[in-house]
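1. pasting the structure only:
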């Protein structure tokens, strides 16, 4: 090599070396900022001190990338004095590429200082659980809200017998200015799961988040009632800041769906506060493109068979906790996040700032493209909405050759402007079911004049809609999701197969139960109440204990903000004598509480429809008050209710 050529090469190397030192923010004559303390690795959900100095003592502003899941400085100020400590919290999930970049900037420095941190898995053995709920905030506006998230819980108990919450993430949205920051969502940094000492399956889950607008200064409390070994629980929000109902399920997969078909429904409220429901079917191809058909009921304005366009809507990638987003919106919403429960179950939440909704998508499995009217047989159903102020339960049989249906139902519309209450009311009509699982029910004889049209969306006949990890209770598998598509009623629900002889003699074991209801009392502002618990049914006699969330005094009337973990429930179910599968009872509710103990005035009139000995749907039929929910067999009433052992990583 010539000497001149060598000299040019050396000069080039020197120039590149100088350019590569830009992370310190050094520019001749300008202030500089330097990160002096930062970890090189950090486990998910854990925190570490970070420090930066500026050459002119100007303040430091901290940030990080990627925006979706880089971490948070929100537990301490994200703007600090030069050389002052800040606290960086790693994201709850491992981001794509396994690293995040933190940046320290100053208004007087031209170039920020950066540091790369490798995010690692926690060394604590954990199991992930996905949760979702819909309800009402206890605030001046009584906002409808949606909640969905995932939490990692230690599988080994702490010294006090509780199970530590290690990390997690969630999205909250009331459509009225309180929405988790996007695209990151809220981070869950701690908390605990405490099981009832009696082995019943009752439990309390506390979640510490970085969103001070939620719960008690960022700490949310949920009451749980487990129904299936380590994998499924009913939940209600239980901290007085709001009340809601939903479920919690063991997560078995985190990868986004590909080459699969789903049915879905969502329930929430639009920008005016009017109830909104939608439902439909969609397919995700190998490139994550989403296409499908959906029905929408926005405050009684119904549009059927809307098409999800063939381009522009895709399922975005998920993080290591199974959280992702739908790019391009879906079913009328602009921004939707989703949480994977398993390969065939997804929880979805609308995170638009001006409206809110939460729901689920269930896979169609091997039945994809092969549905027909025979896919819907003898069934029981529940349907309604706390937002829509009504509820219905019922049972029907089908004649696929026609195809037609007939049955009986109980409907309570008394909270909805004093509407009708129907008990054991006969109905009939015709239905459709396409090969893609999209169909509908048209009532020619209705239990009430408002019930005319349902959208129905079939699911995998081997999937348990209520308890998706349960593969042993095969009698509860299959069925369809439902969305009310009527001008005067807005709600969602499910239908599941009914056994041949639902005579209540096989309803005799331990059960978890729950319900969400409303009294329509305008004086309360937002009259929702929610409850759950564990109990037994023997020879029709029902006795249970659990939690009641009634922060608006809707059900308890006279007590002040009842949020009780000492509620009792009792009644006796009696077959109605005419309609096999339908039973009636009166439920008394009482509890110890601070403020004083209370008993709900008068017993609650309730009807129940039996799918099989493991599952009932029940409904309150009193005037001016209703609740709707389920009674699910508790397959684990002992210490097995604790979180599952971790699954081996692939």
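-> That came through fine. Values in this document were obtained by computation on a predicted structure and should not be read as measured data.
2. is it true that residue 374 lies in a helix?
-> Yes. Under DSSP: H, G, I helix; E, B strand; the rest coil, residue 374 falls within a helix.
3. who touches it in this structure?
-> residue 400 (CB atoms under 8 Å, 6 or more residues apart in numbering). C-beta coordinates here come from the backbone N, C-alpha and C atoms, glycine included.
4. now stretch 48-58: buried residues?
-> Across stretch 48-58, burial judged by 16 or more other CB atoms under 10 Å covers 48, 50, 51, 52, 53, 54, 55, 58.
5. and which of those is nearest residue 113?
-> Nearest to residue 113 among these, counting by CB to CB, is residue 52 at 6.0 Å.
6. check which helix or strand covers that closest one.
-> Using DSSP states H and E, residue 52 sits in strand 47-54.
7. what average pLDDT does that strand get?
-> Mean pLDDT, strand 47-54: 92.
8. what's in contact with it?
-> By CB under 8 Å, 6+ apart, strand 47-54 touches 31-39, 42, 60, 62, 75, 80, 82-90, 102, 104, 106, 108-109, 113, 115, 189.
9. isn't residue 311 right next to residue 289, touching?
-> Yes. Between residue 311 and residue 289 a contact is recorded at 7.4 Å, counting by CB atoms under 8 Å.
10. and the strand holding residue 52, which strands flank it?
-> According to DSSP bridges, strand 47-54 has the following sheet partners: strand 33-37 (antiparallel), strand 85-89 (antiparallel).
11. show me what the host helix or strand of residue 248 is packed against.
-> Using DSSP H and E, residue 248 falls within strand 242-250. Judged by 3 or more CB pairs under 8 Å, 6 or more residues apart in numbering; DSSP states H and E, the packing partners of strand 242-250 are strand 126-137, strand 144-154, strand 232-237, strand 510-518, strand 528-538.
12. where are the low-confidence patches of the chain?
-> 1-29, 74-77, 229, 521-526, 558-560, 593-597, 637-650 (pLDDT under 70).
13. how is it divided into domains?
-> 3-120, 126-252 (automatic domain parsing).
14. most tightly packed of those domains?
-> Of all those, domain 126-252 carries the top mean neighbour count, a mean of 22, counting by mean count of other CB atoms under 10 Å.
15. quick one: end-to-end distance for it.
-> End-to-end distance for domain 126-252: 13 Å, by CA to CA, to the nearest Å.
16. who touches residue 311 in this structure?
-> Contacts of residue 311 (CB under 8 Å, 6+ apart): residue 289.
17. which parts of the chain are helices?
-> 3-19 (DSSP state H).
18. for it, which residue is closest to the average position?
-> Nearest residue to the geometric centre of the chain (CA atoms, centre = their mean): residue 132, 1.5 Å.
19. mind checking how far it is from residue 141?
-> 22 Å (CB to CB, to the nearest Å).
20. likewise residue 173?
-> Distance from residue 173 to residue 141, by CB to CB: 14 Å.
21. with residue 284 instead?
-> 37 Å.
22. and what of residue 591?
-> In terms of CB to CB, residue 591 sits 28 Å off from residue 141.
23. likewise for residue 58?
-> From residue 58 to residue 141 the distance is 41 Å (CB to CB).
24. where do the strands sit along the stretch 351-500 of the chain?
-> 356-363, 379-385, 390-399, 404-412, 421-433, 438-445, 453-458, 480-484, 492-497 (DSSP state E, counting those that start in this stretch).
25. okay if I get these as CSV plus distance to residue 549 and mean neighbour count?
-> What follows is those, written out as CSV (distance: least, CB to CB, whole Å; neighbours: other CB atoms under 10 Å):
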stretch, distance to residue 549, mean neighbour count
strand 356-363, 17, 27
strand 379-385, 17, 26
strand 390-399, 18, 24
strand 404-412, 20, 24
strand 421-433, 25, 18
strand 438-445, 33, 19
strand 453-458, 29, 26
strand 480-484, 25, 27
strand 492-497, 21, 24
